[in-house]
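**Q** Task: produce atomic coordinates for the following.
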Amino acid sequence: MQNVMFLITTACIRELTIRGSIRYSTGCFSTAVDLIASGKVNVKILITDRYQFEEAEQAFKLVRRGDVGVFKVMIKSISGTQLRIIKLSHLVKRSLWPNLEVGMPPALIYGGIASLRGD
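**A** So this is what the prediction gives:
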């Protein structure tokens, strides 16, 4: 996020209309889930690349490069593992790696950090 500064007198004299926006509002998440569940929105097309877990490092490099046409990258889990979401507040208090189970690298999921752990 970046702050934008302007002279309020200029906005008033020129009779400018200034509008702000946010990414979501109350009810947006449930509406989105309903649209996906009903099939009205196809989210599968958002995943442009898929990698096996063993190729996770390649996937992270692809995302980091920011290539045109790469939107979302999926890293498939190892059979017999489950996904565990780590709260970002924990990461502020401690370094990232001690929070991960069995030393596996993290994957960014919906703004959170996830790790895989075996059962």
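**Q** All the strands of this structure, in order from the start?
**A** Along the chain, counting by DSSP state E, strands occupy 47-51, 72-75, 81-86, 107-109, 112-118.
**Q** tell me the helices in the chain, going along the chain?
**A** With DSSP state H as the definition, the chain shows helices at residue ranges 8-13, 28-38, 56-65, 88-93.
**Q** export those to JSON lines and tack on mean pLDDT?
**A** Shown next, in JSON lines, are the helices of the chain (pLDDT from 0 to 100):
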{"stretch": "helix 8-13", "mean pLDDT": "86"}
{"stretch": "helix 28-38", "mean pLDDT": "86"}
{"stretch": "helix 56-65", "mean pLDDT": "87"}
{"stretch": "helix 88-93", "mean pLDDT": "42"}
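**Q** and those, which is most packed in?
**A** helix 56-65 (a mean of 14; mean count of other C-beta atoms under 10 Å). C-betas here are computed from N, CA, C, even on glycine.
**Q** ok so, going back, what I need now is the helices of the chain written out in TSV, including distance to residue 76 for each item.
**A** Formatted as TSV, those follow (distance: least, C-beta to C-beta, whole Å):
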stretch	distance to residue 76
helix 8-13	51
helix 28-38	20
helix 56-65	9
helix 88-93	24
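**Q** Nearest to residue 20, out of these?
**A** Closest approach to residue 20 among these (C-beta to C-beta): helix 8-13, 13.2 Å.
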